[in-house]
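Visitor: Whatever this is, show me its structure:
(2 chains)
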2 protein chains.
Amino acid sequence: MSAAAIQDLYPGDYAHCFGCGRLNEHGHRIKTHWIDGEGVARFTPQAHEVSLPGYVYGGLIASLVDCHAIATAAADAAERAGTPFVADALPRYVTGSLKVDFKKPTPIGVELELRARVREASERKALVEVTVRAGDVVTATGEVVAVRMPERMRRS
Amino acid sequence: MSAAAIQDLYPGDYAHCFGCGRLNEHGHRIKTHWIDGEGVARFTPQAHEVSLPGYVYGGLIASLVDCHAIATAAADAAERAGTPFVADALPRYVTGSLKVDFKKPTPIGVELELRARVREASERKALVEVTVRAGDVVTATGEVVAVRMPERMRRS
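Guide: Got it, this is the predicted structure:
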């Protein structure tokens, strides 16, 4: 298990993501931990983050899936390459595509658990599968194509 | 063209959506207008809604696609059924699945335009295709399966 959240190892220039950046004071600050080959995140939506009354907003679920999958791709690539899990060392990915299947309404007011695994990986991209659980119930599944960040988008 | 935004015709009990509810003071308040068989929405992300510096957060783009597609499904179904575009009259949909392909980075600081059309529809669901443009550039495309809201989720 990584002691720090994967997102907290991102370089400072890239820590402003609304979904998971530690330096974005308005954002969700999603935190992914790397445990036995799997990304694990826990997140409790706020009361106003609803779609219909009583249920979590789907756009938030998509956001959680997105940032959690990208961090999982980075952790998986680092583990395979033997890269140390320290600040600024992990490879960076961006989202190529994001798909979420909403299986059941996700209740508001409880902690959600996201788990993600890399199913396929190449030098250029990774396919990441995600589950979203409320208690024992899988309420949504996600599939993200994470693309290794093009060098032209890097500033550090 | 509908004078009011589609979302502003939703019943009060369903107007709390974080993405598009007129009664959610914390939310995005996405507004879809129905123009010549197409849903059209314009939205300018806030400065902190970034992924990497300079680019719009993908989770926000997914949120815009989601709410805009759902409103488009409702408007399309209403038009086909001859339902008047007035408060509380439109059929309601929920999101079955949401897919977004990020074609190019979406620049922050400009107004985005979303357009959506229903490609297939049955009594139970609609397949909605969405484009997201920054200026003349399509930066993302979306595909949403909108499912007619089950009666058990209705409260009014």
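Visitor: Check what pLDDT A:Met1 gets.
Guide: Looking at A:Met1, its pLDDT stands at 52.
Visitor: and the residue nearest to the spatial centre of chain A, how far is that from A:Val132?
Guide: Centroid-nearest residue in chain A, with CA atoms, centre = their mean: A:His68, separated by 0.8 Å. Taking CB to CB, to the nearest Å as the measure, A:His68 falls 9 Å from A:Val132. (Each C-beta comes from the backbone N, C-alpha and C, glycine too.)
Visitor: between those two, what contacts are shared?
Guide: Here A:His68 and A:Val132 share the contacting residues A:Leu114, scored by CB atoms under 8 Å, 6 or more residues apart in numbering or on different chains.
Visitor: Was I right to think the residue nearest to the centre of chain A contacts A:Gly39?
Guide: Yes. With contact defined as CB atoms under 8 Å, A:His68 counts as touching A:Gly39 (5.9 Å).
Visitor: any common contacting residues for those two?
Guide: Residues within reach of A:His68 and of A:Gly39 at once, by CB under 8 Å, 6+ apart, are A:32, A:114, A:116.
Visitor: I'd say the first one and A:Phe43 touch.
Guide: No. Contact criterion CB under 8 Å: A:Thr32 and A:Phe43 do not qualify, at 10.1 Å.
Visitor: Tell me which of the two has more neighbours.
Guide: A:Thr32 (28 against 20; other CB atoms under 10 Å in any protein chain shown).
Visitor: quick one: contacts for the nearest residue to that one once chain neighbours are set aside?
Guide: Counting by CB to CB, 6 or more residues apart in numbering or on different chains, A:Thr32 lies nearest to A:Ala71, which is 3.7 Å off, once chain neighbours are set aside. A:Ala71 makes contacts with A:5-7, A:20, A:30, A:32, A:39, A:41, as judged by CB under 8 Å, 6+ apart.
Visitor: who wins for most neighbours among those?
Guide: In terms of neighbours by other CB under 10 Å, the contacts of A:Ala71 top out with A:Cys20 at 31 neighbours.
Visitor: Quick check: that one touching A:Phe43?
Guide: No. Using CB under 8 Å, A:Cys20 is not in contact with A:Phe43; the gap is 10.3 Å.
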